[in-house]
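A.B. asks: Fold the following, please.
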Amino acid sequence: MIKRPIIIDTDPGVDDTIRIMLANSHPELDIRAITPVTGNVQYALTSRNALFLREYLGIDCKVADGSNTPLFIENKDAGDIHGTGGMGGYAVPVPKRDFDGYAWDIIKDEAEKANGELEIITLGPLTNIAVTLLRYPEIKPLIKRIVCMAGSATIGNMNPYAEFNVWIDPEAADIVFTSGIPVVMCGLDGNDYAGITIPDLLHYIEKAKGTSVEDLFTHIFTHWVHRREAAHAEDKIQVINDAITMAYFITSDMGKTEKYNVRVETKGELTAGWTIVDRYNRNKQEPNIEVLTWSDRELFKKMLDDMLDYYRK
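C.D. replies: This next block holds a predicted model:
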């Protein structure tokens, strides 16, 4: 089997955790490194969680010391959504193994080793990737593709237009989007089609019994059940954005994309973090980003089922 060399850039995070579980269940992916970044919770927690997940899942890869703050603006997080410690209150033990180097150095080294085949999937703010490209611009031709859980072509979740991962560090997102590297933007609106229901969540909790990931998986999905049960009637659907993005990364059958010119609003007082998708080419600029416009809910559910079957072996 020819494996795909990948780096997972992440801010774990309950949804990031399921995404890393999903990636690890696909042997065709050669996970070269996990590069944590500040985001869902503060960096001390996202980095600890990344180190823990390597050990918990038995992934033979490097874990890097990444960016603990955005490039130019004050740090923020979404701890209210991800719960205590970023894992919905799960008791994360102290990791036994430390970092293997800095994120930008490891990304550079792995890009060179992979000879143009390295793919990067980002689940958090794009700070690590932006720092890498600023420090080592010569590696741009060596990165085959970057798939980002980022942005929105319609409405945002942090202001009327901005999605969280871009809003946290809009300058970093714009550096990546304008880098010339092939980029896929899996945004809120594209991922929404693959949202799952409370009965779906309960189905996976039941199916996780007896698997090697039962305790952590069940804890996270129960966290989501409680949040969805407490939500307003129109907000009962759980969209696991990071896992949906990973599912698309694994197989393009998971969704449909259209290529547009996309820039990031970095300074707007009311719109900072807005991913401006020029659907009608008003700015007469070349399309630079593949934008996810639809995702397959049934295929995503099957991939979650298959993932739990993998961890039952």
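A.B. asks: Select the longest strand from this structure.
C.D. replies: strand 255-264 (DSSP state E).
A.B. asks: And the contacts of the helix or strand containing residue 244?
C.D. replies: Per DSSP states H and E: residue 244 is located in helix 241-250. Helix 241-250 has contacts (Cβ atoms under 8 Å, 6 or more residues apart in numbering) with 6, 10, 13, 15-16, 18-19, 22-23, 26, 29, 119, 121, 123, 147-149, 184, 186, 188, 191, 194, 254-255, 292, 295, 299-300, 303-304. In short, each C-beta sits where N, CA and C put it, glycine included.
A.B. asks: Just checking: what are the partner strands of the longest strand of the chain?
C.D. replies: Strand pairing for strand 255-264, determined by DSSP bridges: strand 275-278 (antiparallel), strand 289-295 (antiparallel).
A.B. asks: about what we covered before: mark which of the contacts of helix 241-250 are buried, thanks.
C.D. replies: Buried members of these, scored by 16 or more other Cβ atoms under 10 Å, are 6, 10, 13, 15-16, 18-19, 22-23, 26, 29, 119, 121, 123, 147-149, 184, 186, 188, 191, 194, 254-255, 292, 295, 300, 303-304.
A.B. asks: Mind checking which of those land in strands?
C.D. replies: Per DSSP E, the buried ones among the contacts of helix 241-250 map to strands at 6, 10, 29, 119, 121, 147-149, 184, 186, 255, 292, 295.
A.B. asks: So which of those is the closest to residue 133?
C.D. replies: residue 148 (13.5 Å; Cβ to Cβ).
A.B. asks: where does the stretch 201-313 of the chain have low pLDDT?
C.D. replies: Scanning the stretch 201-313 of the chain with the threshold set as pLDDT under 70 gives 233-234.
A.B. asks: what about the closest residue to residue 1 other than its chain neighbours, how many residues close to it?
C.D. replies: Closest residue to residue 1 apart from its sequence neighbours, by Cβ to Cβ, 6 or more residues apart in numbering: residue 28 at 6.0 Å. If you count neighbours by other Cβ atoms under 10 Å, residue 28 ends up with 9.
A.B. asks: Could you work out the end-to-end span of stretch 281-297 for me?
C.D. replies: End-to-end distance for stretch 281-297: 30 Å, by Cα to Cα, to the nearest Å.
A.B. asks: Would you mark the buried spots in it?
C.D. replies: In stretch 281-297, counting by 16+ other Cβ under 10 Å, buried: 288, 289, 290, 291, 292, 293, 294, 295, 296, 297.
A.B. asks: same check, this time on stretch 130-145
C.D. replies: 130, 131, 132, 133, 136, 139, 142, 143, 144, 145.
A.B. asks: Repeat that for stretch 259-278.
C.D. replies: 260-266, 271-278.
A.B. asks: Could you work out the most separated pair of the residues you listed?
C.D. replies: Largest pairwise distance in the buried residues of stretch 259-278, by Cβ to Cβ, is 20.3 Å, between 260 and 272.
A.B. asks: Give me the distance between the closest residue to residue 149 other than its chain neighbours and residue 137.
C.D. replies: Among residues not flanking residue 149 along the chain, residue 245 sits closest, at 3.9 Å (Cβ to Cβ, 6+ apart). Between residue 245 and residue 137 the computed distance is 26 Å (Cβ to Cβ, to the nearest Å).
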